[in-house]
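Colleague: quick check, what structure comes out for this input:
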Amino acid sequence: MGAWKRWQDWATVLLGVILFATPFIFGRTGDVNASWTAYVMGGLMIAIGLFAASREEPTAGVEGVPLILGIALFVAPWLLSFTSVPEIAWMAWIVAVLLAVNAVAELLALPQQTAAT
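Modeller: Purely as a prediction, here's the structure:
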């Protein structure tokens with residue numbers, strides 16, 4: 001498909017930017033666990049999205065990372081105890097679901113490997 005052309009990679013980057021900006025948008029930068037989760041997970045999403053987009057051929061190893069990040073992001077509000085910060089907790093859950101759906105779309109779009117006989 002070619003580098004810098006897969007919409008799934010750019011969707012991962014966009015979701016990362018949205019998550020990273022969430023504490024600033026809602027004025028909740030003082031909530032340490034919530035805001036740092038948004039910064040770190042958003043930054044990781046941006047980095048993996050750009051890395052995946054830069055690759056000429058997608059691989060399951062790289063394209064599967066957003067699914068793992070989505071699962072981790074979904075449970076983060078409970079594990080890191082920031083469910084009392086609803087703006088960031090809900091954004092984490094929404095972005096996590098969208099990221100997981102996007103990751104499944106990425107994995108389904110991978111070229112099928114045929115066994116050589």
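Colleague: in stretch 24-35, what counts as buried?
Modeller: Buried residues in stretch 24-35, counted by 16 or more other CB atoms under 10 Å: 26, 28, 31, 33, 34, 35. To be clear about C-beta, it is placed using only N, CA and C from the backbone, and glycine gets the same treatment.
Colleague: then stretch 57-70?
Modeller: 58, 63, 65, 66, 67, 69, 70.
Colleague: so how far is the first residue of stretch 20-35 from its last?
Modeller: 8 Å (CA to CA, to the nearest Å).
Colleague: and residue 92, backbone torsions?
Modeller: phi -60, psi -40 (degrees, to the nearest 10).
Colleague: try residue 4
Modeller: phi 70, psi 20.
Colleague: so how far is residue 16 from it?
Modeller: According to CB to CB, to the nearest Å, residue 4 and residue 16 sit 16 Å apart.
Colleague: look up the closest residue to the residue most central in space within the chain, ignoring the ones flanking it.
Modeller: Central residue of the chain (CA atoms, centre = their mean): residue 45, 4.3 Å from the mean position. Nearest residue to residue 45 in three dimensions, chain neighbours excluded: residue 16, at 3.0 Å (CB to CB, 6 or more residues apart in numbering).
Colleague: so the residue nearest to the centre of the chain makes contact with residue 67?
Modeller: No - counting by CB atoms under 8 Å, residue 45 stays clear of residue 67, with 11.7 Å between them.
Colleague: what do these two both touch?
Modeller: residue 99 (CB atoms under 8 Å, 6 or more residues apart in numbering).
Colleague: the residue nearest to residue 45 sits in which helix or strand?
Modeller: Assigned by DSSP states H and E, residue 16 falls within helix 7-25.
Colleague: so after that helix, what's the next helix or strand?
Modeller: helix 32-54.
Colleague: re earlier: got TSV for the buried residues of stretch 57-70, with distance to residue 9 and pLDDT too?
Modeller: Formatted as TSV, the buried residues of stretch 57-70 follow (distance: CB to CB, whole Å; pLDDT from 0 to 100):
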residue	distance to residue 9	pLDDT
58	8	73
63	8	77
65	11	89
66	9	89
67	14	89
69	13	93
70	14	93
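Colleague: now, which of the residues you listed sits nearest residue 40?
Modeller: residue 69 (10.3 Å; CB to CB).
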